[in-house]
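A.B. asks: Sequence first, then the predicted structure:
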Amino acid sequence: MSAPGAAGAGRPQHEGRLRRGARLAVLGGLTGAAPLSIDTYLPALPGVTSDLRAAAPLVALTLTACVVGLAVGQLVAGPLSDVLGRRWPLVAGALGFALLSAACALAPDVGTLVVLRLGQGLLGAVGIVLARAVVRDLYDGPAAARGFAALMLVSGVAPIVAPVVGGQLLRVTSWRGVFVVLAALGLVLAVGVLLAVPESLPRAARARGGGVTAGLRTTGESFRILLGDRRVLACVCAAGLGFAAMFAYISGSTFVLQDLYGLSPQAFSGVFAVNSVGIVAATQVAGRLVAAERVSPQRSVAIGLVVTVLGSTSVLLGALTPAGPWALVPGLFVTVCGVGFVLPSATTLALAGHPSRAGSASALLGTSQFLVGGFAAPLVGIGGGRTAVPMGLTMVVAALAGLVVFALVWRRAPAAAPDTAARTTAAEPADN
């Protein structure tokens, strides 16, 4: 493989703040579109169960299918973008997400909805993985840390708005209307890519010899090299297990807070929104501390994992008491704040040492998050909706495992070696 994703390839040396802000807004929207398909949909789960006359476990599979799609799609889209470039796969992914979202709105039964949700996740994954790769193409060092934090700021608006929008949409329409809104969002993002996101990976820096076939042949080799780097492995484990703790909350909270504790869809949306404000604020604090070199990225990851363990433990203790939902809510807030420190810093560390494999590294990070999160989701339902203990216990185990694995693997990692791939010095973004 030649040097796809070389640091600084196509980096704009002199760009206005408005242009950079528009680009990051679109990229943030792309990273947020697929999570929106989860968060906006959560308050509608009881309605789907009733409307399609399906069992609750089957309806829960529509959530799991989307998560699996988000995981697998990143494994495919990331390496292929190292061959094909970033811009046109982003456009195709956004349009495909819109099409599948519209199809979900017309699903006649739960089986069809599960299949369509899988496809929706596969296409939505393209935006998640390639948005990170574009930032890595254009920026490095503290600028990359700020860029990743900005992505999480913009995409963080999604979980703040999503449950609120979902709850309000259910006042005027059914769950099918939620998917219509998601389809419209996909179309808007496709147009946004065309207008604001130039190609960031020059043709000379892409894999050669066979196009897509070459990319598929080298995917396994790229992943082998990346996972052989203990620094990358530590970050993948930290991001995956930290996200699993948060996803246990995301997947279990609608049943715990609404069914078990009796919160209305609107009250549930409010709790979700407050917690989303917490993770957005945490990502910005972490990004600024790392960018200002007051805290190293690895220390930021460690701090975030410790905070996640403390918050998850608080959730578990609250679940063991008869105090009600408000015994859990503070712990949930602390947990997501901890994850807010972990994700941008782990991304910065994992992509820093392998600019020639930015798409593949981004795919590994994203896949680890959604795949491990997908495995955590069923564990939350072990209690059958009668107790919040499985949710709290899953969160604690995931967070603690992330902290231990990161500490052990990172400690044994050698010093970072510079990527020897060729670097380009293009002063402007690559041609479209």
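C.D. replies: Yep, it's here. It should be emphasised that the depicted structure is a prediction, and the values quoted were computed from it without experimental measurement. Numbers count the residues shown, from 1 in each chain.
A.B. asks: thought Ile279 was touching Val336?
C.D. replies: Yes. Shown here, Ile279 and Val336 form a contact pair, counting by Cβ atoms under 8 Å, at 4.3 Å. From N, CA and C alone the C-beta is placed, and that goes for glycine too.
A.B. asks: These two: which has the busier surroundings?
C.D. replies: Neighbour comparison, Ile279 and Val336: the larger count goes to Val336, with 27 against 23 (by other Cβ atoms under 10 Å).
A.B. asks: Against Leu343, how distant is that one?
C.D. replies: Using Cβ to Cβ, to the nearest Å, we find Val336 at a distance of 10 Å from Leu343.
A.B. asks: Mind listing the shared neighbours of Ile279 and Val336?
C.D. replies: Met246 (Cβ atoms under 8 Å, 6 or more residues apart in numbering).
A.B. asks: Determine the residues that are contacts of both of Val336 and Leu343.
C.D. replies: With Cβ under 8 Å, 6+ apart, Val336 and Leu343 have no common neighbours.
A.B. asks: ok, Val301 touching Val342?
C.D. replies: Yes. If you go by Cβ under 8 Å, Val301 and Val342 touch, sitting 5.4 Å apart.
A.B. asks: Return every residue with contacts to both of those two.
C.D. replies: Counting by Cβ under 8 Å, 6+ apart, the common neighbours of Val301 and Val342 are Ala238.
A.B. asks: pLDDT score assigned to Ala125?
C.D. replies: Per-residue pLDDT puts Ala125 at 89.
A.B. asks: Pull the number of nearby residues for it.
C.D. replies: A count of neighbours around Ala125, defined by other Cβ under 10 Å, yields 28.
A.B. asks: my guess is it contacts Gln74, does it?
C.D. replies: Yes. Contact status for Ala125 versus Gln74: in contact at 4.5 Å, counting by Cβ under 8 Å.
A.B. asks: Spit out the residues that contact those two alike.
C.D. replies: Common neighbours of Ala125 and Gln74 (Cβ under 8 Å, 6+ apart) are Gly366, Phe370.
A.B. asks: Can you list the helices and strands that the strand or helix carrying Val180 packs against?
C.D. replies: Element membership for Val180, per DSSP states H and E: helix 175-196. Packing partners of helix 175-196 (3 or more Cβ pairs under 8 Å, 6 or more residues apart in numbering; DSSP states H and E): helix 17-39, helix 45-51, helix 87-105, helix 142-172.
A.B. asks: how close does the residue lying farthest from the centre of the chain get to Ser81?
C.D. replies: No residue in the chain sits farther from the centre than Pro322, which is 33.6 Å out by Cα atoms, centre = their mean. Distance of Pro322 to Ser81, given as Cβ to Cβ: 51 Å.
A.B. asks: Check Gly252 too.
C.D. replies: 33 Å.
A.B. asks: what's the answer for Ala92, then?
C.D. replies: Distance from Ala92 to Ser81, by Cβ to Cβ: 11 Å.
A.B. asks: More neighbours: which of these two?
C.D. replies: When neighbours are counted by other Cβ under 10 Å, Ala92 and Ser81 differ, and Ser81 comes out ahead with 32 against 16.
A.B. asks: so how far is stretch 20-37 from its chain's centroid?
C.D. replies: Once both centres are worked out by Cα atoms, centre = their mean, to the nearest Å, stretch 20-37 turns out to sit 11 Å from its chain's centre.
A.B. asks: cool, and stretch 266-278?
C.D. replies: Per Cα atoms, centre = their mean, the centroid offset for stretch 266-278 relative to its chain is 18 Å.
A.B. asks: same question, stretch 305-320
C.D. replies: 22 Å.
A.B. asks: Run through who's touching that stretch.
C.D. replies: 238, 242, 245-246, 249, 327-328, 330-339, 341-342, 387-389, 391-393, 395-396, 398-400, 402-403, 406.
A.B. asks: rerun at 7 Å
C.D. replies: Stretch 305-320 has contacts (Cβ atoms under 7 Å, 6 or more residues apart in numbering) with 238, 242, 245, 327-328, 330-332, 334-335, 337-339, 341-342, 387-389, 391-393, 395-396, 399-400, 402-403, 406.
A.B. asks: try stretch 178-194
C.D. replies: 26, 29-30, 33, 36-37, 40-41, 44, 87, 90-91, 94-95, 97-98, 101-102, 104-105, 127, 166, 169.
A.B. asks: Taking those residues, please make a ChimeraX selection of just the buried ones.
C.D. replies: ChimeraX command restricting the contacts of stretch 178-194 to the buried ones, with burial defined by 16 or more other Cβ atoms under 10 Å:
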select :26,29,30,33,36,37,40,41,44,87,90,91,94,95,97,98,101,102,104,105,127,166,169
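A.B. asks: Find the nearest non-adjacent residue to Ala131, please.
C.D. replies: Leaving aside its chain neighbours, Ala131 sits nearest to Leu27 (4.0 Å; criterion: Cβ to Cβ, 6 or more residues apart in numbering).
A.B. asks: where's the one you found relative to Val290, distance?
C.D. replies: 19 Å.
A.B. asks: about what we covered before: my read: the residue nearest to Ala131 touches Val129, true?
C.D. replies: No. Applying Cβ atoms under 7 Å as the test, Leu27 and Val129 come out as separate, 11.3 Å apart.
A.B. asks: Can you tell me the SS state at Tyr249?
C.D. replies: Classification of Tyr249 by DSSP: H, G, I helix; E, B strand; the rest coil places it in helix.
A.B. asks: re the thing from before, ranking the helices and strands packed on helix 175-196 by mean pLDDT, which is last?
C.D. replies: Across the helices and strands packed on helix 175-196, helix 142-172 gives the lowest mean pLDDT, at a mean of 71.
A.B. asks: and stretch 363-374, how far from the chain's centre?
C.D. replies: For stretch 363-374, the distance to the chain centre is 8 Å (Cα atoms, centre = their mean).
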